[in-house]
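>>> Return a 3D structure for these sequence lines:
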Amino acid sequence: MPKATWKDHVIADSDNTIVVEGNHYFPPDAVKAELLRPSPTTTVCGWKGTANYHSIEVDGETNKDAAWYYAEPKPAAKNIAGYIAFWKGVKVN
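Below is the predicted model:
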C-alpha cells in the first residue's frame, strides 16, 4: 500500500492512489487533513490545470507547499480531481 511520510509521520496511505507522471495522488479521505495547512500558492500545468497547495505541519515544523491537488482539473486530468500528491522531502513508497 502506498504511504506518504514526513519526519516519521504518516501523512497518507491508500491502496487507491492514482499515479500520474510518477506521482502518487492519494484520495482525500486517505490523507490526514489535520497535518495540512492551506497555502495561497498555485501553479499551472498545461494539461492538468491549476494546482493548489498545502503545507504540512508536524511536531511544530512546517514543510511549505509540500502537498498539491487539482480542485478543478482540465478534462484530461479529471480522474485526479481533489486527490493529493506530495514532494519536498515527503517520501512515498
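>>> which residues are in contact with the helix or strand Ala4 falls within?
Ala4 belongs to strand 3-6 when assigned by DSSP states H and E. For strand 3-6, the external contacting residues (C-beta atoms under 8 Å, 6 or more residues apart in numbering) are 10-13, 24, 26, 31, 56, 58, 63, 66, 86, 89-93. The C-beta positions use only the backbone N, C-alpha and C, and glycine is treated the same way.
>>> Please repeat the previous calculation with a cut-off of 10 Å.
10-14, 17, 24, 26, 30-32, 35, 56-58, 61, 63, 66-67, 84-93 (C-beta atoms under 10 Å, 6 or more residues apart in numbering).
>>> Just the buried positions in the helix or strand harbouring Tyr53, please.
Take DSSP H and E as the rule and Tyr53 turns out to sit in strand 49-58. By neighbour count on 16 or more other C-beta atoms under 10 Å, the buried set for strand 49-58 is 49, 51-57.
>>> so which of those residues comes closest to Ala71?
Asn52 (5.7 Å; C-beta to C-beta).
>>> Show me what the closest one bridges to in the sheet.
Thr42, Tyr69 (DSSP bridges).
>>> now the buried residues of strand 49-58 in a markdown table, with distance to Lys3?
Shown next, in a markdown table, are these (distance: C-beta to C-beta, whole Å):
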| residue | distance to Lys3 |
| --- | --- |
| Gly49 | 27 |
| Ala51 | 22 |
| Asn52 | 23 |
| Tyr53 | 21 |
| His54 | 18 |
| Ser55 | 20 |
| Ile56 | 14 |
| Glu57 | 19 |
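>>> For Pro75, state which of those is nearest.
Using C-beta to C-beta, the buried residues of strand 49-58 come closest to Pro75 at Gly49, 9.2 Å.
>>> doesn't Glu72 make contact with that closest one?
Yes: using C-beta atoms under 10 Å, Gly49 is in contact with Glu72, at 6.6 Å.
>>> Find the residues that touch each one of the two.
Joint contacts of Gly49 and Glu72 (C-beta under 10 Å, 6+ apart) are 78, 81.
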